[in-house]
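Asks: Attaching a predicted model along with its sequence, questions to come.
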Amino acid sequence: MRLPGPIRATCLVLPLPLLFALALGGCGVTHIFNPTHSRRGALVEAEALKQLVPGTSTRADATSLLGSPTARATFDDNTWLYITQITSTRIGRTPGVTMQKVLVLKFEPNGTLKSLSQLDREDGKQIAMAPGATPSPGSEASFMQQLLGNVGRFTPAGLPGAGGGSGFGGGLGGPQH
């Protein structure tokens, strides 16, 4: 049995939106509606943090309660940093910072906890890029020199002097036949 023309066209058009939705799902576009959250760094539990007491706790206590620090201060080995960051995907799969905290533990030289403080994203400072550029030795090539600089320098593989592809050497330092 053959269906009339308008009914056949309707049967073909109805699945197209469904196929389009399936194609978008296969491309990974659906993550916009359901972002993924990623935790990075050390998640410091509030109960463990309450057990650290300045003046009595030691480095060993901090390590057993919180684990190894994420980082130590560059010029002060007595300052430990526990960094936590939660990111979620945004459009284009770029990560966006949802939450960021830094726990700073400062120890006396003998290993006793001197102080602890918590910093969050608002405590951070924006640092501007340094203006200018670092000069490098060599000549300054113009746009056209950069664009056409390698034209004629290379030969296709397999031709004499190509240095590869023929299996007979012929390149620099290869055996001469």
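Replies: Noted; the coordinates are in hand. Numbers count the residues shown, from 1 in each chain.
Asks: buried residues in stretch 98-115?
Replies: For stretch 98-115, burial by neighbour count (16 or more other CB atoms under 10 Å) applies to 100-105, 107, 113. Just so you know, the C-beta spots here come from the backbone N, C-alpha and C atoms, and that holds for glycine as well.
Asks: how about Thr74, what does it touch?
Replies: Under the criterion of CB atoms under 8 Å, 6 or more residues apart in numbering, Thr74 has no neighbours.
Asks: so how far is Leu81 from it?
Replies: Distance of Thr74 to Leu81, computed by CB to CB, to the nearest Å: 10 Å.
Asks: before we move on, what about Phe143?
Replies: 45 Å.
Asks: Which one of the two is surrounded by more residues?
Replies: More neighbours surround Leu81 than the other of Phe143 and Leu81, with 16 against 7 (other CB atoms under 10 Å).
Asks: which SS class is the more buried one?
Replies: Under DSSP: H, G, I helix; E, B strand; the rest coil, Leu81 falls in the strand class.
Asks: Tally up the residues packed near Val97, please.
Replies: Using other CB under 10 Å, Val97 is surrounded by 12 other residues.
Asks: Which per-residue confidence value corresponds to it?
Replies: Per-residue confidence (pLDDT) for Val97: 81.
Asks: Not counting sequence-adjacent ones, nearest residue to it?
Replies: Closest residue to Val97 apart from its sequence neighbours, by CB to CB, 6 or more residues apart in numbering: Thr87 at 5.6 Å.
Asks: Show me which positions of the helix or strand the one you found falls within end up buried.
Replies: Applying DSSP states H and E as the criterion places Thr87 in strand 76-89. Buried residues in strand 76-89, counted by 16+ other CB under 10 Å: 79-87, 89.
Asks: Can you check my assumption that Glu122 lies in a helix?
Replies: Yes - according to three-state DSSP, Glu122 belongs to a helix.
Asks: on that earlier part again, out of the buried residues of stretch 98-115, name the ones that lie in helices.
Replies: Of the buried residues of stretch 98-115, none are assigned to helices by DSSP state H.
Asks: of those, closest to Glu122?
Replies: Distance ranking of these against Glu122, using CB to CB, places Gln100 first at 9.5 Å.
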